[in-house]
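Colleague: this one's structure only:
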């Protein structure tokens, strides 16, 4: 069977406008996919060069296929299971920053280059004082970027029209702001001239972005079948869900240079991404955190299975619509539309999302994702939100274990066991306190300011209600406790 390559796709070569630090599945199934559509529809006319920023890994499979690959998006669209396949031709080459430094660094002198995209993990945007300008390249991503931008600044004599637009998608708050801080810190560390720092501020744009799409990666078990169906071999397939959202925040309006919305793509340009991040964290992530532990103890193993369990589905639905949405600031219809999209995503038959994988570090997740909604609801209504309050009791029940195995506590569900994975301080707390009287256990947990950032026993009635829910779970079991409090 023929291997997918440029000859087979008939790729049109376009000017290189994007240099992308990170060759992994997410960027190829998200950013590169969007640019491919914008190219096809005549809105962008630019190619992408992928950069492998670290020594680990190889570009061999990408090079064998001339960087051509298929994205297969699978999920519910208009109420029906749908598969959308697209051969991506927007990527023209891939280069290793460490092993092929000269080729990589030459892109700093490329006249057509305009955008830098990055996904170097949450730990990627970190200032490294040990980076040096003479390194080829510096170790950290901000170090690499600082040197790359400095070489461009020098080559074009500080021309203001040769600045670049940075589009980091690393999953940290204000990723663009932190990236710029790191680049400026390197400029200071290396003693670079003030003119370069002025050029960074005036000619370059560091956007902060929020991205949302589940990418499930290479379908190893299905690949051979897909090759037969498509009529070609592809070792670089990326699978994911149809839903996508890219929110781009910047001080300067760059929408004219990156007209992705005009191509019908789900991209929002804004000067404030925080309401969109709040919406995602509180509705999508908050829904996960509020129902998965209860669902697991009620006998389910996967998100899709949970959505097919009416008791759990109703719990999740009322948490979102009755308790979370009323605390958010975006227009209600926009929030409800997003919530419906979230529910559709949870019902994706192509994504096998294990509840136990979501359960990792649930104590800190609950604080970030659910606590603001609970406190906002109390402030707005003067009452406790029943479902979010119950989610605390469900978390405490899930974490209740004393047996240790390596870095995990071992919980029990029926005749089986499961691993409880969290920070050592969290595991030690539950191992030491979970066998106490319910009221005492609840007071110990809610008053732990290290876990919640405040003493939650000060929220009127919360400790008493959590204790009542936890007593029900302990005496009746999770499913019957949910039926008792939220209906069969």
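Modeller: Received the coordinates, thanks. Here the structure is a predicted model, which is why all the values come from computation and not from measurement.
Colleague: make it CA atoms for all contacts and neighbour counts henceforth
Modeller: Fine.
Colleague: I figured residue 48 hits residue 88, correct?
Modeller: No - in this structure residue 48 lies outside contact range of residue 88 using CA atoms under 8 Å: 11.0 Å.
Colleague: who's more crowded, these two?
Modeller: Neighbour totals were compared for residue 48 and residue 88, and residue 48 leads with 27 against 22 (other CA atoms under 10 Å).
Colleague: May I ask you to confirm that the more buried one belongs to a helix?
Modeller: No - under DSSP: H, G, I helix; E, B strand; the rest coil, residue 48 sits outside any helix and is assigned strand.
Colleague: So which residues of the stretch 251-400 of the chain form strands?
Modeller: Remark: strands assigned in the stretch 251-400 of the chain by DSSP state E, counting those that start in this stretch are 267-270.
Colleague: give the contact list for residue 140.
Modeller: By CA atoms under 8 Å, 6 or more residues apart in numbering, the contact set of residue 140 is 124, 125, 126, 127, 128, 131.
Colleague: redo that, cut-off 10 Å
Modeller: Shown in contact with residue 140 (CA atoms under 10 Å, 6 or more residues apart in numbering): 53-54, 120, 123-131, 146, 182.
Colleague: Would you mind listing the residues touching both of residue 48 and residue 88?
Modeller: Contact criterion CA under 10 Å, 6+ apart; residues shared by residue 48 and residue 88: 32, 35, 36, 67.
Colleague: Which ChimeraX command selects the buried ones in these?
Modeller: To isolate the buried members of the shared contacts of residue 48 and residue 88 in ChimeraX, using 16 or more other CA atoms under 10 Å:
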select :32,35,36,67
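Colleague: Identify the farthest-apart pair in the shared contacts of residue 48 and residue 88.
Modeller: 35 and 67 (14.5 Å; CA to CA).
Colleague: Hmm, residue 185 is touching residue 132, no?
Modeller: No - applying CA atoms under 10 Å, one finds residue 185 not in contact with residue 132, separated by 12.0 Å.
Colleague: tell me, what's touching those two both at once?
Modeller: Common contacts of residue 185 and residue 132 (CA under 10 Å, 6+ apart): residue 143.
Colleague: Helices along the stretch 251-400 of the chain, start to end?
Modeller: Assigned by DSSP state H, counting those that start in this stretch, the helices in the stretch 251-400 of the chain fall at 274-279, 286-297, 303-307, 310-318, 332-346, 355-358, 362-369, 371-381, 386-399.
Colleague: Quick one: distance of the third one to the chain centre.
Modeller: Going by CA atoms, centre = their mean, to the nearest Å, the spacing between the C-alpha centre of helix 303-307 and its chain's C-alpha centre is 20 Å.
Colleague: helices and strands around that helix, which ones?
Modeller: helix 286-297, helix 310-318, helix 332-346, helix 355-358 (3 or more CA pairs under 10 Å, 6 or more residues apart in numbering; DSSP states H and E).
Colleague: Low-confidence bits of this structure, can you list those?
Modeller: Within the chain, the segments meeting pLDDT under 70 span 122, 488.
Colleague: residue farthest from the centroid of it?
Modeller: Distance from the centre of the chain peaks at residue 437, with 38.7 Å (CA atoms, centre = their mean).
Colleague: contacting residues for that one?
Modeller: Going by CA under 10 Å, 6+ apart, residue 437 touches 467, 471.
Colleague: quick one: residue 398 and residue 427 touch, right?
Modeller: No - using CA under 10 Å, residue 398 is not in contact with residue 427, being 11.6 Å away.
Colleague: Now do the shared contacts for those two.
Modeller: Residues touching both residue 398 and residue 427 (CA under 10 Å, 6+ apart): residue 420.
Colleague: quick one: residue 117 is in a strand?
Modeller: Yes - assigned with three-state DSSP, residue 117 falls within a strand.
Colleague: That one reaches residue 18, doesn't it?
Modeller: Yes - counting by CA under 10 Å, residue 117 does reach residue 18; the two are 7.1 Å apart.
Colleague: Quick check: neighbours shared by those two?
Modeller: Joint contacts of residue 117 and residue 18 (CA under 10 Å, 6+ apart) are 32, 48, 50, 165, 166.
Colleague: Okay, the first one and residue 88: tell me how far apart.
Modeller: Using CA to CA, to the nearest Å, we find residue 32 at a distance of 8 Å from residue 88.
Colleague: which residues sit in contact with residue 363?
Modeller: Counting by CA under 10 Å, 6+ apart, the residues that residue 363 touches are 289, 392, 395, 396, 399, 422, 423, 426, 451, 452.
Colleague: Give the buried subset of the residues you listed as a ChimeraX selection command.
Modeller: In ChimeraX, a selection of the buried entries from those looks like this (16+ other CA under 10 Å):
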select :289,392,395,396,399,422,426,451,452
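Colleague: Just give me the closest of the contacts of residue 363 to residue 74.
Modeller: residue 289 (24.0 Å).
Colleague: If we ignore the residues flanking it in sequence, what's nearest that closest one?
Modeller: Spatial nearest neighbour of residue 289, chain neighbours left out: residue 366 (6.2 Å); criterion: CA to CA, 6 or more residues apart in numbering.
Colleague: what's near enough to touch the one you found?
Modeller: Counted by CA under 10 Å, 6+ apart, residue 366 has contacts 285, 286, 288, 289, 290, 372, 388, 391, 392, 395, 451, 452.
Colleague: Check residue 355 too.
Modeller: 288-289, 291-296, 300-306.
Colleague: So what's the residue count around residue 382?
Modeller: 11.
Colleague: That one against residue 460, yeah?
Modeller: Yes - Residue 382 is within contact range of residue 460, at 9.3 Å (criterion: CA under 10 Å).
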